[in-house]
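Participant: Show me how the following folds:
(chains A and B)
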Amino acid sequence: MAVTTPATVAESPTSTPVDHGLSHVTSTGVSNEKLAMWAFLGSECLLFGALISTYFLYRGRSVVGPTPKQVYDIPYTSISSFVLLMSSLTMVLALAAIQRGDHRRLRLWLTATALLGTVFIGGQVYEFTSFIHEGLRLRTNLFGSSFFVLTGFHGAHVTIGIMMLLSLVMMSQRGKIPQSKAEIIEIAGLYWHFVDIVWIVIFTVVYLIPSPHAPRPVVPPQIR
Amino acid sequence: MTDVVEEKRQEQQEASPPDHDGEHRGHPSDAQYILIALILAALTGIEVAVSYAKGLGYAGNPVLLILAASKFFIVVAFFMHLRFDSPILRRIFITGIVLAIVVYTVVFLTLEVFTSMHGVHG
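Facilitator: The predicted structure is shown next:
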């Protein structure tokens, strides 16, 4: 999709990569990296869609406890959600900082984002531990299986995001993210915001919307 | 060849202004980002309050879904800049979302999830 620029390459020094607008000229008007990230996020909608649907499908079908009502601590999870939501703010402030060429604030906001993400993951670890103490494990019932797989996958995404952010902080410290390469931060930010919007859906569908009162049968009656 | 590239670049600049010249047309300012975050926090607070409102029962579910959808679109539009970015990015992302909704709705219909829920509550 990228337009080749032989003339430009010939004019540029051979030791340094071409780092100006021309290398980003594409037939779509968007850089390939950004396009690829959006395509990846589009595919991630299907992945998390599958996990959320599975949770929804198994809701209220567990034949043994603990049930969501017995283990959920909504005020605690609300605070975790707030923390992750605020990390999206610090992420976007980091992008605004590098777009202004303010490297010090870029590192500050990136570190703050990573820190908020770590708080969220710490909260999730605590939540998982308390659930296990209350008798809910991956194999306990359908609720346990679908809940741990869904939130575990999300937690893994947040953890990857934290590592990405810390790598960017180190790259910035070494002067490897000039203002002209602000798109690197933008692409990392897209990933981070995506894990935030996935949590927005999980928080509502999994935690806030109550399960049906009566347990539904696991298999249709005629099969049983 | 250089003329072709130059022409292409001009077209691209006209279609979407460059993102790395310190000029980000239409992007919110830092203060606006903070305001958006406060709106998101307020919506989260309302969500939690609605979930605790005993009188609403299952009628609260559509309200919760609308609030979640609002938060989702605010983050995508303003924090992910999809509102200001190239339409092709919007199309790619919306395709992913629509595909996910269609595929899993078909799964639910196939497994008769909606009718079995009706059977329990109805």
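Participant: Helix, strand, or coil at the closest residue to A:Gly135 other than its chain neighbours?
Facilitator: Excluding the flanking residues, the one nearest A:Gly135 by C-beta to C-beta, 6 or more residues apart in numbering or on different chains is A:Pro66, at 5.6 Å. Where you see a C-beta, it was placed from the backbone N, CA and C, and this is true even at glycine. What DSSP: H, G, I helix; E, B strand; the rest coil gives for A:Pro66 is coil.
Participant: what about A:Pro66, neighbour count?
Facilitator: Residues near A:Pro66, counting by other C-beta atoms under 10 Å in any protein chain shown, number 18.
Participant: so it touches A:His133, yeah?
Facilitator: No - counting by C-beta atoms under 8 Å, A:Pro66 does not reach A:His133; the two are 10.6 Å apart.
Participant: that older thread, for the residue nearest to A:Gly135, what are phi and psi?
Facilitator: Backbone torsions of A:Pro66, given as degrees, to the nearest 10, read phi -70, psi 150.
Participant: and it, what does it touch?
Facilitator: A:131, A:134-136, A:140-141, A:143 (C-beta atoms under 8 Å, 6 or more residues apart in numbering or on different chains).
Participant: mind redoing it with 6 Å?
Facilitator: A:Pro66 is in contact with A:134-136, counting by C-beta atoms under 6 Å, 6 or more residues apart in numbering or on different chains.
Participant: Just the CA coordinates for stretch B:90-110, please, in CSV.
Facilitator: Taking C-alpha atoms only, stretch B:90-110 is exported to CSV below (Å, rounded to 0.1, in the frame of the first residue of the first chain):
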residue,chain,number,x,y,z
ARG,B,90,-13.9,4.3,11.2
ARG,B,91,-15.1,1.8,8.6
ILE,B,92,-12.5,-0.8,9.7
PHE,B,93,-13.5,-0.5,13.4
ILE,B,94,-17.2,-0.4,12.8
THR,B,95,-16.9,-3.5,10.5
GLY,B,96,-15.3,-5.3,13.4
ILE,B,97,-18.0,-4.3,15.9
VAL,B,98,-20.9,-5.0,13.5
LEU,B,99,-19.4,-8.4,12.5
ALA,B,100,-19.1,-9.3,16.2
ILE,B,101,-22.6,-8.3,17.0
VAL,B,102,-24.1,-10.1,14.0
VAL,B,103,-22.0,-13.3,14.5
TYR,B,104,-22.9,-13.6,18.2
THR,B,105,-26.5,-12.6,17.7
VAL,B,106,-26.7,-15.5,15.2
VAL,B,107,-25.1,-17.8,17.8
PHE,B,108,-27.6,-16.7,20.5
LEU,B,109,-30.5,-17.2,18.1
THR,B,110,-29.2,-20.7,17.1
